[in-house]
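In: Take this sequence and fold it.
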Amino acid sequence: MSTPENEAAMSNLNPLLDRNRSFAGTGAHEGLTPIPKHQIVVVTCMDGRVDPAHILGVELGDALVIRNSGGRVTDD
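Out: Numbers count the residues shown, from 1 in each chain. Down below sits the predicted model:
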């Protein structure tokens, strides 16, 4: 059943899906391996205002980025 909330969510999602299709069509990810080029893992917060690639100057395939609540890693 379509609701105004669902329609609003889809209207927000559609531009992202379009950008994803565009990115996939560029082939920029082809030839990259699952192991990052710099063999580094960056753990950062989920805050949408924080762009680790921009802040750290890493390019596609340079580093594995894990985003979590608080950007923390603990022993427990």
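In: Residue 46: what's it in contact with?
Out: Residues in contact with residue 46 (CB atoms under 8 Å, 6 or more residues apart in numbering) are 67-69, 71. In short, each C-beta sits where N, CA and C put it, glycine included.
In: need the residues you listed in JSON lines with neighbour count and distance to residue 18, can you?
Out: Below are the contacts of residue 46 laid out as JSON lines (neighbours: other CB atoms under 10 Å; distance: CB to CB, whole Å):
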{"residue": "67", "neighbour count": "14", "distance to residue 18": "23"}
{"residue": "68", "neighbour count": "11", "distance to residue 18": "28"}
{"residue": "69", "neighbour count": "8", "distance to residue 18": "29"}
{"residue": "71", "neighbour count": "15", "distance to residue 18": "29"}
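In: packing partners for the worst-scoring helix or strand of the chain on mean pLDDT?
Out: Sorting the helices and strands of the chain by mean pLDDT, DSSP states H and E puts helix 4-26 at the bottom, at a mean of 89. For helix 4-26, the contact count by 3 or more CB pairs under 8 Å, 6 or more residues apart in numbering; DSSP states H and E identifies no helix or strand as a packing neighbour.
In: from here on, count from 22
Out: Got it, the first residue is 22 from now on, which makes the last one we talked about helix 25-47.
In: May I have it as PDB, with CA atoms only?
Out: Below are the C-alpha coordinates for helix 25-47, written out as PDB (Å, rounded to 0.1, in the frame of the first residue of the first chain):
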ATOM      1  CA  PRO A  25       2.600   9.600   1.600                       C
ATOM      2  CA  GLU A  26       5.500   8.600   3.800                       C
ATOM      3  CA  ASN A  27       6.600   5.800   1.400                       C
ATOM      4  CA  GLU A  28       6.300   8.100  -1.600                       C
ATOM      5  CA  ALA A  29       8.500  10.700   0.200                       C
ATOM      6  CA  ALA A  30      11.100   8.100   1.100                       C
ATOM      7  CA  MET A  31      11.200   6.900  -2.500                       C
ATOM      8  CA  SER A  32      11.500  10.400  -3.900                       C
ATOM      9  CA  ASN A  33      14.600  10.800  -1.600                       C
ATOM     10  CA  LEU A  34      16.000   7.500  -2.600                       C
ATOM     11  CA  ASN A  35      15.600   7.800  -6.400                       C
ATOM     12  CA  PRO A  36      18.400  10.400  -6.800                       C
ATOM     13  CA  LEU A  37      20.800   8.200  -4.800                       C
ATOM     14  CA  LEU A  38      19.900   5.200  -7.000                       C
ATOM     15  CA  ASP A  39      20.500   7.300 -10.100                       C
ATOM     16  CA  ARG A  40      23.900   8.300  -8.800                       C
ATOM     17  CA  ASN A  41      24.700   4.700  -8.000                       C
ATOM     18  CA  ARG A  42      23.800   3.600 -11.600                       C
ATOM     19  CA  SER A  43      25.900   6.400 -12.900                       C
ATOM     20  CA  PHE A  44      28.900   5.400 -10.800                       C
ATOM     21  CA  ALA A  45      28.600   1.800 -11.700                       C
ATOM     22  CA  GLY A  46      28.500   2.800 -15.400                       C
ATOM     23  CA  THR A  47      31.800   4.600 -15.100                       C
END
